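Undergrad: this one's structure only:
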């Protein structure tokens, strides 16, 4: 979102409209443009030690992904959050091979 | 012409200029505007001046749509807007040494115009007594809410809700931005899509408003950034700035009204993300995932690689603020 500058100077964000003037940064989605982002979500593993050697064991071969686009008008999930879009998918990793 | 008569004429010209200056603009208006009448001295008087209830008889659908919009409760909002009027005084004007506000009793119209410029532009056509009445009513509402006095809270809410952006603000008072070239909005005219007679006892004519379907009409309030016309600039919305300097350069060619009124089929119920359709139309989200079995000699770290594309199809940044 556009992060308003407090009284048009310095590095502090203004919150109330009476103290907002200018922008410090703008993380909003720009019009008519596509924003790309990439995330690596690691599968949970537990580490076991066998014969003095640590081995990672996968605890689940599937992961339920829930991608949510939230708008937080007041900057926090505690105050009137708005779920804009949601995407769900199950991701599986292979169970065969070395 | 002798020296005496020349001096007399010069004095007469000065007197005429002084009288003209004193009688010049009231609010945004001049002679034949709603704004140019003597200033309203109470909330009731201000509401009566911009009373658009006679529009309902012929424009029921537009009215019903508008009643669902935030324009119909631009001062009260959900209560949060009204509270912010007060916060702007307590955390703003009362803290600023040169504002002239030491207590709520010092609040004048000029101190509320930071909010009212858009939430109640017609406040410029009222006396400081109205500014005081607004602040008192907000305080009454807040105290009644704390004391759980529902009747008192409802009465104060009703008063605050009577102050809004109704038909006459967009279709008369703020219907003309370029007043020197287009003329000032006339007090008996509603500005819309056509010229002609208008069957109303007070607003007897209609005229084609030059900006009614143009984005600049909405831009009057929906923000370029700091309002430098204020003694202490405020900044609520930046949507119109984003429209002008980001959407248009990207090749956008729709007006605010096209998306928010026409294509949305919402008419005068102008909504943004709170309308499910508007929210869906505004943003495309595309997600692709793949599994990657990453490993080194001793560690395995399988992962889901998630690629997200977000495309903002609206005419301004999302969110605005």
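TA: Perfect, I can see it now. Since this is a predicted model, take the numbers as computed values, not measurements.

Undergrad: Now for the residue in the stretch 51-200 of chain B positioned nearest to chain A, how many residues are close by?
TA: Nearest residue of the stretch 51-200 of chain B to chain A: residue B:92, at 3.6 Å (C-beta to the nearest C-beta). Any C-beta I mention is one placed from the backbone N, CA and C, and that applies to glycine too. By the criterion of other C-beta atoms under 10 Å in any protein chain shown, residue B:92 has 20 neighbours.

Undergrad: Pairing partners for the lowest-mean-pLDDT helix or strand in chain A, with directions?
TA: The weakest-scoring helix or strand in chain A, judged by mean pLDDT, DSSP states H and E, is strand A:53-58 (a mean of 83). As defined by DSSP bridges, the strand partners of strand A:53-58 come to strand A:45-50 (antiparallel).

Undergrad: Need the residues that contact the strand it pairs with.
TA: A:54-59, B:300-302 (C-beta atoms under 8 Å, 6 or more residues apart in numbering or on different chains).

Undergrad: For that strand, list every residue counted as buried.
TA: residue A:45 (16 or more other C-beta atoms under 10 Å in any protein chain shown).

Undergrad: so what's the residue nearest the centre of chain B scoring on pLDDT?
TA: For chain B, the residue nearest the mean C-alpha position is residue B:118 (2.8 Å; C-alpha atoms, centre = their mean). Here, the pLDDT recorded for residue B:118 equals 95.

Undergrad: how far away is residue A:17 from chain B?
TA: Residue A:17 is 4 Å from chain B, where distance means C-beta to the nearest C-beta, to the nearest Å.

Undergrad: Please list all residues in contact with the closest residue to that residue other than its chain neighbours.
TA: Counting by C-beta to C-beta, 6 or more residues apart in numbering or on different chains, residue B:236 is the residue found nearest to residue A:17 once chain neighbours are left out, at 4.4 Å. Going by C-beta under 8 Å, 6+ apart, residue B:236 touches A:17, A:20, B:115, B:118, B:223.

Undergrad: tell me which of the residues you listed is nearest to residue B:258?
TA: residue B:223 (18.7 Å; C-beta to C-beta).

Undergrad: Look at the closest one and tell me its secondary structure.
TA: coil (DSSP: H, G, I helix; E, B strand; the rest coil).

Undergrad: That one is in contact with residue B:237, isn't it?
TA: Yes - counting by C-beta atoms under 8 Å, residue B:223 does reach residue B:237; the two are 3.2 Å apart.

Undergrad: Just the contacts of residue B:236: which are in helices?
TA: Among the contacts of residue B:236, the members falling in helices (DSSP state H) are B:115, B:118.

Undergrad: Narrow the contacts of residue B:236 to just the buried residues.
TA: A:17, A:20, B:115, B:118, B:223.

Undergrad: on that earlier part again, of all the contacts of strand A:45-50, which comes closest to residue B:228?
TA: Nearest member of the contacts of strand A:45-50 to residue B:228, counting by C-beta to C-beta, is residue B:301, at 54.3 Å.

Undergrad: For that closest one, give its distance to chain A.
TA: For residue B:301, the distance to chain A - C-beta to the nearest C-beta - is 6 Å.

Undergrad: For whichever strand or helix holds that residue, which helices and strands make contact with it?
TA: Assessed by DSSP states H and E, residue B:301 sits inside strand B:300-312. Contacts defined by 3 or more C-beta pairs under 8 Å, 6 or more residues apart in numbering or on different chains; DSSP states H and E place strand B:300-312 against strand A:34-42, strand A:45-50, strand A:53-58, strand A:62-71, strand B:283-295.

Undergrad: Determine which of those approaches residue B:155 most closely.
TA: Going by C-beta to C-beta, the one of the helices and strands packed on strand B:300-312 nearest residue B:155 is strand A:62-71, 34.1 Å.

Undergrad: right, is the closest one up against chain B?
TA: Yes - Strand A:62-71 reaches chain B (C-beta under 8 Å from any C-beta of the partner chain) through A:63, A:65, A:67, A:69, A:71.

Undergrad: Could you point out the helix or strand that follows that strand?
TA: Strand A:62-71 is succeeded, C-terminally, by strand A:82-92 (DSSP H and E).

Undergrad: Residue B:162 against residue B:45, yeah?
TA: No - with contact defined as C-beta under 8 Å, residue B:162 and residue B:45 do not form a contacting pair (11.5 Å).

Undergrad: check which helix or strand covers the nearest residue to residue B:43 once chain neighbours are set aside.
TA: The shortest distance from residue B:43 to any residue other than its chain neighbours is 5.2 Å, reached at residue B:133 (C-beta to C-beta, 6+ apart). According to DSSP H and E, residue B:133 maps onto helix B:128-146.

Undergrad: which secondary structure elements does the host helix or strand of residue B:242 contact?
TA: Under the criterion of DSSP H and E, residue B:242 resides in helix B:239-242. Where contact means 3+ C-beta pairs under 8 Å, 6+ apart, helix B:239-242 is packed against helix B:215-219.

Undergrad: What is the helix it packs on packed up against?
TA: Secondary elements touching helix B:215-219 (3+ C-beta pairs under 8 Å, 6+ apart): helix B:239-242, helix B:256-257.

Undergrad: any low-confidence regions in the stretch 1-150 of chain B?
TA: B:1-32 (pLDDT under 70).

Undergrad: So what sits opposite residue A:3 in the bridge?
TA: In beta-bridge terms (that is, DSSP bridges), residue A:3 pairs with residue A:25.

Undergrad: in the stretch 151-300 of chain B, which ranges drop under the pLDDT threshold?
TA: B:298.

Undergrad: Helices of that one, start to end?
TA: B:167-168, B:179-182, B:215-219, B:239-242, B:256-257, B:276-282 (DSSP state H, counting those that start in this stretch).

Undergrad: Of all those, which one is nearest residue B:99?
TA: Short answer: helix B:239-242, nearest of the helices of the stretch 151-300 of chain B by C-beta to C-beta, at 26.2 Å.

Undergrad: who's in contact with the closest one?
TA: Against helix B:239-242 from outside (C-beta under 8 Å, 6+ apart): A:28, A:31, B:215, B:218-219, B:222-225, B:316-317, B:320.
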